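Asks: mind folding the following:
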Amino acid sequence: MFWSPKKLLHLTYRSVKEIAAEMGFSDEFYFSRYFKKSVGCSPKKYREKVGISVVAKVSM
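Replies: Just a heads-up that it's a prediction; the model follows:
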């Protein structure tokens, strides 16, 4: 199953580094630049804005 980085940030407690690796990026900083260019904000800011879903707590 393929999840988008936005869903992984919202629905899991995984770190940006873990998400970057899962998405195939060898460098979390390159992933962050790619994400910011695509979404308009950094992965950290995106997660702060949308929060972590209660679904993430259930799946722990």
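Asks: mind giving me the packing neighbours of the helix ranked longest in the chain?
Replies: In the chain, taking DSSP state H as the definition, the longest helix is helix 28-39. Applying 3 or more CB pairs under 8 Å, 6 or more residues apart in numbering; DSSP states H and E, we find helix 28-39 packed against helix 5-11, helix 16-22, helix 43-50. C-beta here means a position set from N, CA and C on the backbone, and glycine is covered the same way.
Asks: contacts made by the longest one with the rest, please.
Replies: Contact partners of helix 43-50, identified using CB atoms under 8 Å, 6 or more residues apart in numbering, comprise 5-6, 9-10, 16, 19, 31-32, 35-36, 39, 41.
Asks: and with 7 Å instead?
Replies: With contact meaning CB atoms under 7 Å, 6 or more residues apart in numbering, helix 43-50 is reached by 5-6, 9-10, 16, 32, 35, 39.
Asks: which two in the residues you listed are spaced the farthest apart?
Replies: Farthest-apart pair in the contacts of helix 43-50 is His10 and Ser32; separation 16.4 Å (CB to CB).
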